[in-house]
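[1] structure, please.
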Amino acid sequence: MTLEEIKTIGIVGAGTMGQGIAQICALAGFKTILFDINEQVLQKAQTTTSESINKGIARGKLTEADKQNALANLTFTGDTLQLCCDVIVEAVVERLEVKQSIFQELAAINHPNTILASNTSSIPITRIAAPVPNPERVVGMHFFNPAHLMKLVEVISGAATSPAVAETVRQLALKLNKTPVMAKDSPGFIVNRVARHFYVEALKLLEENVADMQTIDKLMQASGFKMGPFELMDLIGVDTNYAVTTSMFEAFQYDAKFRPSRIQQQKVDAGHHGRKSGKGFYTYE
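    Below you'll find the predicted structure:
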């Protein structure tokens, strides 16, 4: 599969990341199919897409014609059989067995050359690809939140990933106006492995009553960070952030430096998932 052969892109998971990825694919001119089993999530993604593009128009970044073309390129569906595409990007929960199951199901209804890309934040691509037919076409394509604004995309090759597939995904990222970085297949890859301690150490400070979260956030902002760790976890999703930390903790053989926080687990258990739920470490209208 070459970049020129890519006409249709499927996105599995219409949550925050999936919606953002679908939006940029549609704006780039690709026929884009956004799939989710939850009809309410699909409806919310449809609304969010229009609102997000409208903001781009208001800032002078997009035009009304861009919006109409993007919406014409977008299909929202709960029917798996519509996901016959040239490239499929999964953006679902950070659980190995779920990602493997999705790719196995989609492999059965797609051409052997269809590229299966995972937006995983931390799970090794080699493990995801292991039970999937033609594992050479499984690759990591890790976007960052919010996907329509953040430029970086990590392109990760597993042990079986074809170099040609990785190169096509790199070129696709450029076509989407992103900045691709080729990464080795290691838990957390580059960014999440480095950034994990931005969150973990901040949570330890909170657990040990060294400082409250407002103070920690303000200090980090004063040090040059655009957002403090607690504000950023709320934006990303407390549940998503916790899942990535847990995944890396397990992948690194329970190394204590990646230990998930009890405070963060309590937030997840309470349904305080951040901005998307209206309450996380902070409360939102």
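
[2] and residue 242, how close does it get to residue 192?
    Counting by CB to CB, to the nearest Å, the separation of residue 242 from residue 192 is 13 Å. Just so you know, the C-beta spots here come from the backbone N, C-alpha and C atoms, and that holds for glycine as well.

[3] wait, I meant residue 227
    For residue 227 relative to residue 192 (CB to CB), the value is 16 Å.

[4] so which of the two has more stuff around it?
    residue 192 (21 against 14; other CB atoms under 10 Å).

[5] buried residues in the helix or strand where the more buried one lies?
    Residue 192 is part of helix 191-207 when elements are defined by DSSP states H and E. Of all the residues in helix 191-207, those buried under the rule 16 or more other CB atoms under 10 Å are 192-193, 195-196, 199-200, 202-203, 205-206.

[6] what of stretch 118-135?
    118-129, 132, 134-135.

[7] outside of that stretch itself, list whatever touches it.
    By CB atoms under 8 Å, 6 or more residues apart in numbering, the surrounding residues in contact with stretch 118-135 are 17-18, 21, 89-91, 94, 96, 99-100, 103-104, 107-108, 112, 116, 138-143, 156-161, 185-189, 192, 240, 244, 247-248, 251.

[8] buried subset of these?
    17-18, 21, 89-91, 94, 96, 99-100, 103, 107, 116, 138-143, 156-158, 160-161, 185-189, 192, 240, 244, 247-248, 251.

[9] and for residue 98, the neighbour number?
    13.

[10] wait, it sits on residue 92?
    Yes. In this structure, residue 98 is within contact of residue 92 by CB atoms under 8 Å, at 5.8 Å.

[11] just give the closest residue to residue 158, not the sequence neighbours.
    Counting by CB to CB, 6 or more residues apart in numbering, residue 158 lies nearest to residue 125, which is 3.4 Å off, once chain neighbours are set aside.

[12] pLDDT wise, what is the one you found at?
    For residue 125, the pLDDT comes out at 97.

[13] any figure for the gap between it and residue 255?
    From residue 125 to residue 255 the distance is 21 Å (CB to CB).

[14] one more: residue 248?
    For residue 248 relative to residue 255 (CB to CB), the value is 9 Å.

[15] look up phi and psi at residue 276.
    phi -70, psi -20 (degrees, to the nearest 10).

[16] now the helices for the chain?
    Under the criterion DSSP state H, helices of the chain are mapped to 16-27, 39-58, 64-73, 96-107, 125-129, 163-175, 191-207, 213-222, 229-236, 238-251, 262-269.

[17] would you list the ones you listed in a markdown table and tack on distance to residue 2?
    Output for these, formatted as a markdown table (distance: least, CB to CB, whole Å):
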| stretch | distance to residue 2 |
| --- | --- |
| helix 16-27 | 17 |
| helix 39-58 | 28 |
| helix 64-73 | 20 |
| helix 96-107 | 20 |
| helix 125-129 | 21 |
| helix 163-175 | 6 |
| helix 191-207 | 28 |
| helix 213-222 | 43 |
| helix 229-236 | 33 |
| helix 238-251 | 32 |
| helix 262-269 | 42 |
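
[18] what's the angle from the lowest-mean-pLDDT helix or strand in the chain to helix 16-27?
    Within the chain, no helix or strand scores below helix 238-251, which has a mean of 92 by mean pLDDT, DSSP states H and E. Here helix 238-251 runs at an angle of 100 degrees relative to helix 16-27 (axes from the mean of the first three to the mean of the last three CA atoms, to 10 degrees).

[19] mind giving me the packing neighbours of helix 238-251?
    The contact analysis (3 or more CB pairs under 8 Å, 6 or more residues apart in numbering; DSSP states H and E) places helix 238-251 against helix 191-207, helix 262-269.

[20] list of residues touching that helix?
    93-95, 121-124, 187-188, 192-193, 196, 199-200, 233, 255, 258-261, 264-265, 267-268, 272-274, 280-281.

[21] and the end-to-end length of stretch 81-89?
    15 Å (CA to CA, to the nearest Å).
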